[in-house]
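Engineer: here is my input, please return the structure:
(one chain, ligands or ions: 1)
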Amino acid sequence: MRDSAIVLTRLSRRFGATPAVTDVSVEIPAGEIFGLLGHNGAGKTTTVNMLTTLLPPTSGDAVVGGKSIIADAAAVRSLIGYLPENVQFYDNLTLVENLQFFGRLSGLRRPDARIADVLRFLDFTGHDSQRLGTFSKGMRQRVGIAQAILHAPAVLFLDEPTSGLDPEGVRTLRETIVRLNKELGLTVFMNTHLLSEVTRTCTSIGILNQGRLVHHDTVASTLAAYPEEQSLEEIFFQLERAGTP
Ligand SMILES: Nc1ncnc2c1ncn2[C@@H]1O[C@H](COP(=O)(O)OP(=O)(O)OP(=O)(O)O)[C@@H](O)[C@H]1O
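Structural biologist: Sure, this is the predicted structure:
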């Protein structure tokens with residue numbers, strides 16, 4: 001039995017009278033690539049913002065890497081990496097200069113050796129001195145992953161990682177996510193509204209509908225449980241309808 005990397009217990013967040021996330025409980029074993037699916041406004045970003053300690057829950061708790069997001073937020077931050085949907089860089093600085101900045105922010109004393117390792121792993125050879133402003137959107141997303149894993153986290157959170165990428169960029173990023181999981185052993189939690197993302201990249205899925213978790217299972221079991229369905233998209237809509245309060 002694998003340890004749980006992420007455990008949510010009745011995690012909830014309201015914005016005034018609006019319930020954004022309601023009573024979400026789920027356990028994600030270490031080593032998974034978990035995809036949190038849902039339409040716009042389902043509560044995906046709010047969930048990730050709570051798990052990454054950017055936003056306090058209204059009630060409930062979550063444990064990430066064995067530490068509570070409420071009682072031990074600083075420890076959680078040191079254990080996780082995060083690629084937000086719109087990551088910002090200094091376009092006038094080079095790739096290495098940007099990563100040196102982020103490395104210092106994460107408290108790395110001598111970031112250069114680690115930056116070199118991460119850039120090699122992410123296949124950035126030859127781009128060290130290139131200014132970020134000249135990078136494609138796909139390359140920028142991979143720089144975002146580089147900054148997120150500089151401090152060697154155990155768990156990586158990605159918010160809509162392939163959003164706005166061209167097909168080649170999507171393929172490369174998917175391969176990168178799978179390599180991070182298989183070769184570096186990272187547990188990955190990613191938000192997506194793209195169903196194809198889940199079947200091609202993730203090992204397990206959760207589906208949020210209006211802030212409530214209406215389904216959680218492995219991708220293989222989900223597909224096996226609905227043999228007559230043509231696609232995960234139909235399964236998604238069926239589950240979503242069943243889960244509508
Ligand atoms: N700062 C905020 N203030 C008020 N309401 C908010 C705030 N952030 C999110 N919400 C509301 O909470 C609900 C969930 O939003 P959230 O951004 O988490 O959904 P999402 O699934 O990530 O959607 P998207 O795919 O559009 O990013 C929505 O009704 C949204 O309007």
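
Engineer: make it CA atoms for all contacts and neighbour counts henceforth
Structural biologist: Will do.

Engineer: looking at the chain, which helix or strand is least sure?
Structural biologist: Ranked by mean pLDDT, DSSP states H and E, the weakest helix or strand in the chain is helix 232-243, scoring a mean of 71.

Engineer: any idea which helix or strand carries residue 207?
Structural biologist: Assigned by DSSP states H and E, residue 207 falls within strand 204-209.

Engineer: next structured bit after that strand?
Structural biologist: Of the helices and strands lying after strand 204-209 in sequence (DSSP H and E), the nearest is strand 212-218.

Engineer: tell me the strands beside that following strand, with direction?
Structural biologist: Note on strand 212-218: by DSSP bridges, its sheet partners are strand 204-209 (antiparallel).

Engineer: residue 126 in helix, strand or coil?
Structural biologist: When classified by DSSP: H, G, I helix; E, B strand; the rest coil, residue 126 comes out as coil.

Engineer: ok, it to residue 225 distance?
Structural biologist: 47 Å (C-alpha to C-alpha, to the nearest Å).

Engineer: also residue 165?
Structural biologist: Distance, residue 165 to residue 225, by C-alpha to C-alpha: 32 Å.

Engineer: between the two, point out the one with more neighbours.
Structural biologist: Using other C-alpha atoms under 10 Å, the more surrounded residue of residue 165 and residue 225 is residue 165, with 16 against 11.

Engineer: which residues does residue 185 contact?
Structural biologist: Counting by C-alpha atoms under 8 Å, 6 or more residues apart in numbering, residue 185 makes contact with 31, 154.

Engineer: pull out the buried positions in stretch 23-39.
Structural biologist: The neighbour-count check on stretch 23-39 (16 or more other C-alpha atoms under 10 Å) flags 23-26, 28-38 as buried.

Engineer: stretch 130-139 now?
Structural biologist: Of the residues in stretch 130-139, those buried (16+ other C-alpha under 10 Å) are 130-132, 138-139.

Engineer: perfect, that will be all.
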